[in-house]
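K.L.:
Pasting a predicted model and its sequence here:
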Amino acid sequence: MNIALVAHDEKKDDLIQFITAYRPILQKHDLFATGTTGLRIIEETGLPVTRFRSGPLGGDQEIGAAIARDEMDLIIFLRDPLTAQPHEPDVSALLRLSDVYCVPLATNMGTAEVLLKGLEAGFFEWRFIRRERE
Ligand SMILES: O=C(CO)COP(=O)(O)O
(Lines give C-alpha, C1' and ligand atoms only; values in the text may rest on other atoms or scores of the structure.)
Protein backbone atom coordinates (compact mmCIF):
# COMPACT_ATOMS: atom_id res chain seq x y z
CA MET A 1 0.00 0.00 0.00
CA ASN A 2 1.05 3.60 -0.55
CA ILE A 3 1.04 5.56 2.69
CA ALA A 4 1.40 9.34 2.96
CA LEU A 5 2.88 10.73 6.17
CA VAL A 6 2.56 14.43 6.99
CA ALA A 7 2.92 16.44 10.18
CA HIS A 8 2.76 20.11 10.96
CA ASP A 9 5.83 21.43 12.76
CA GLU A 10 4.44 21.08 16.30
CA LYS A 11 3.47 17.46 15.54
CA LYS A 12 6.63 16.27 13.83
CA ASP A 13 8.16 14.84 17.02
CA ASP A 14 4.95 12.91 17.65
CA LEU A 15 4.99 11.54 14.12
CA ILE A 16 8.60 10.37 14.43
CA GLN A 17 7.75 8.59 17.69
CA PHE A 18 4.71 7.05 16.07
CA ILE A 19 6.69 5.83 13.06
CA THR A 20 9.36 4.39 15.34
CA ALA A 21 6.71 2.50 17.31
CA TYR A 22 4.93 1.20 14.19
CA ARG A 23 8.01 0.64 12.07
CA PRO A 24 7.39 -3.14 11.77
CA ILE A 25 4.13 -2.37 9.96
CA LEU A 26 5.20 0.72 8.05
CA GLN A 27 8.38 -0.80 6.62
CA LYS A 28 6.29 -3.27 4.60
CA HIS A 29 4.71 -0.43 2.62
CA ASP A 30 5.71 2.39 0.28
CA LEU A 31 6.03 5.62 2.22
CA PHE A 32 5.51 9.15 0.92
CA ALA A 33 5.72 12.46 2.77
CA THR A 34 5.78 16.19 2.40
CA GLY A 35 9.29 17.64 2.19
CA THR A 36 10.33 18.51 5.73
CA THR A 37 8.39 15.67 7.32
CA GLY A 38 9.97 13.24 4.86
CA LEU A 39 13.48 14.49 5.53
CA ARG A 40 13.03 14.01 9.27
CA ILE A 41 11.65 10.50 8.78
CA ILE A 42 14.58 9.52 6.58
CA GLU A 43 17.19 11.05 8.92
CA GLU A 44 15.66 9.84 12.19
CA THR A 45 14.26 6.42 11.28
CA GLY A 46 16.27 5.42 8.20
CA LEU A 47 13.09 4.33 6.42
CA PRO A 48 12.93 5.02 2.68
CA VAL A 49 10.48 7.80 1.86
CA THR A 50 9.50 9.44 -1.43
CA ARG A 51 9.37 13.14 -0.69
CA PHE A 52 7.03 15.66 -2.19
CA ARG A 53 7.51 19.41 -1.84
CA SER A 54 7.19 21.01 1.56
CA GLY A 55 3.55 21.47 2.60
CA PRO A 56 3.43 25.27 2.30
CA LEU A 57 5.13 25.02 -1.12
CA GLY A 58 2.62 22.61 -2.65
CA GLY A 59 3.35 19.26 -0.99
CA ASP A 60 -0.19 18.86 0.34
CA GLN A 61 -1.49 19.50 -3.15
CA GLU A 62 0.87 16.90 -4.58
CA ILE A 63 -0.52 14.33 -2.16
CA GLY A 64 -4.02 15.45 -3.14
CA ALA A 65 -3.14 14.88 -6.80
CA ALA A 66 -1.86 11.39 -5.95
CA ILE A 67 -5.17 10.67 -4.22
CA ALA A 68 -7.05 11.81 -7.33
CA ARG A 69 -4.91 9.42 -9.43
CA ASP A 70 -5.76 6.56 -7.03
CA GLU A 71 -2.15 6.31 -5.92
CA MET A 72 -2.62 6.71 -2.14
CA ASP A 73 -4.19 4.12 0.13
CA LEU A 74 -3.79 5.68 3.54
CA ILE A 75 -2.94 9.14 4.84
CA ILE A 76 -1.58 9.95 8.28
CA PHE A 77 -1.63 13.71 8.65
CA LEU A 78 -0.88 14.89 12.18
CA ARG A 79 -2.30 18.40 12.05
CA ASP A 80 -1.59 21.11 14.57
CA PRO A 81 -5.04 22.31 15.66
CA LEU A 82 -3.62 25.21 17.67
CA THR A 83 -1.55 27.04 15.07
CA ALA A 84 -2.82 28.89 12.00
CA GLN A 85 -1.23 27.57 8.79
CA PRO A 86 -0.61 29.95 5.88
CA HIS A 87 -1.50 27.14 3.47
CA GLU A 88 -4.74 26.12 5.20
CA PRO A 89 -6.61 26.01 1.84
CA ASP A 90 -4.17 23.34 0.64
CA VAL A 91 -4.69 21.34 3.83
CA SER A 92 -8.47 21.55 3.40
CA ALA A 93 -8.16 20.49 -0.23
CA LEU A 94 -6.19 17.40 0.75
CA LEU A 95 -8.76 16.43 3.38
CA ARG A 96 -11.55 17.04 0.90
CA LEU A 97 -10.01 14.81 -1.77
CA SER A 98 -9.55 11.99 0.71
CA ASP A 99 -13.29 12.22 1.35
CA VAL A 100 -14.08 12.40 -2.37
CA TYR A 101 -12.10 9.21 -3.03
CA CYS A 102 -12.81 7.42 0.29
CA VAL A 103 -9.15 7.19 1.23
CA PRO A 104 -8.73 6.46 4.97
CA LEU A 105 -7.09 9.47 6.66
CA ALA A 106 -6.05 10.00 10.28
CA THR A 107 -5.45 13.46 11.70
CA ASN A 108 -4.40 12.31 15.17
CA MET A 109 -2.36 9.50 16.68
CA GLY A 110 -5.36 7.69 18.14
CA THR A 111 -6.97 7.25 14.74
CA ALA A 112 -3.61 6.57 13.10
CA GLU A 113 -3.05 3.63 15.47
CA VAL A 114 -6.41 2.12 14.65
CA LEU A 115 -5.80 2.49 10.93
CA LEU A 116 -2.36 0.88 11.06
CA LYS A 117 -3.68 -2.03 13.13
CA GLY A 118 -6.46 -2.39 10.55
CA LEU A 119 -3.90 -2.28 7.77
CA GLU A 120 -1.92 -5.06 9.44
CA ALA A 121 -5.09 -7.11 9.94
CA GLY A 122 -5.88 -6.94 6.21
CA PHE A 123 -8.73 -4.44 6.40
CA PHE A 124 -7.34 -2.50 3.44
CA GLU A 125 -7.48 -5.35 0.94
CA TRP A 126 -10.73 -3.88 -0.40
CA ARG A 127 -8.63 -1.21 -2.04
CA PHE A 128 -6.90 -3.81 -4.25
CA ILE A 129 -10.18 -5.60 -4.96
CA ARG A 130 -11.86 -2.33 -6.01
CA ARG A 131 -8.91 -1.44 -8.24
CA GLU A 132 -9.03 -4.82 -9.98
CA ARG A 133 -12.75 -4.36 -10.70
CA GLU A 134 -12.38 -0.89 -12.23
O1 LIG B 1 2.84 21.81 6.18
C2 LIG B 1 2.71 20.61 6.07
C3 LIG B 1 1.41 20.02 5.81
O4 LIG B 1 0.39 20.96 5.66
C5 LIG B 1 3.87 19.72 6.19
O6 LIG B 1 4.89 20.14 5.34
P7 LIG B 1 6.40 19.80 5.69
O8 LIG B 1 6.47 18.32 5.87
O9 LIG B 1 7.20 20.23 4.50
O10 LIG B 1 6.71 20.56 6.94
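P.N.:
It's in. Note that this is a predicted model, so its numbers are computed, not measured. Numbers count the residues shown, from 1 in each chain.
K.L.:
phi, psi of I3?
P.N.:
phi -120, psi 130 (degrees, to the nearest 10).
K.L.:
Three-state assignment for T83, please.
P.N.:
Here T83 is recorded as coil under DSSP: H, G, I helix; E, B strand; the rest coil.
K.L.:
need the contact list for the residue lying closest to it once chain neighbours are set aside.
P.N.:
Nearest non-adjacent residue to T83, counting by C-beta to C-beta, 6 or more residues apart in numbering: E10, 6.1 Å away. C-beta here means a position set from N, CA and C on the backbone, and glycine is covered the same way. Contact partners of E10, counting by C-beta atoms under 8 Å, 6 or more residues apart in numbering, are 80, 82-83.
K.L.:
Relative to the ligand, how far out is E10?
P.N.:
11 Å (C-beta to the nearest ligand atom, to the nearest Å).
K.L.:
cool, and R53?
P.N.:
Noted for R53: a distance of 7 Å to the ligand, by C-beta to the nearest ligand atom.
K.L.:
and that residue, how many residues sit next to it?
P.N.:
Counted with other C-beta atoms under 10 Å, the neighbours of R53 add up to 16.
K.L.:
contacting residues around it?
P.N.:
Residues in contact with R53 (C-beta under 8 Å, 6+ apart) are 34-35, 59, 62.
K.L.:
quick one: secondary structure of the residue nearest to T83?
P.N.:
Going by three-state DSSP, the secondary structure assigned to E10 is helix.
K.L.:
what's the spacing between G46 and the ligand?
P.N.:
In terms of C-beta to the nearest ligand atom, G46 sits 18 Å off from the ligand.
K.L.:
Look up the pLDDT of that residue for me, please.
P.N.:
As predicted, G46 sits at a pLDDT of 98.
K.L.:
mind listing the helices for the chain?
P.N.:
Along the chain, counting by DSSP state H, helices occupy 12-21, 23-26, 35-45, 59-68, 88-100, 109-120, 125-133.
K.L.:
Point out the most buried one among these.
P.N.:
For these, the largest average neighbour count (mean count of other C-beta atoms under 10 Å) is found in helix 59-68, namely a mean of 22.
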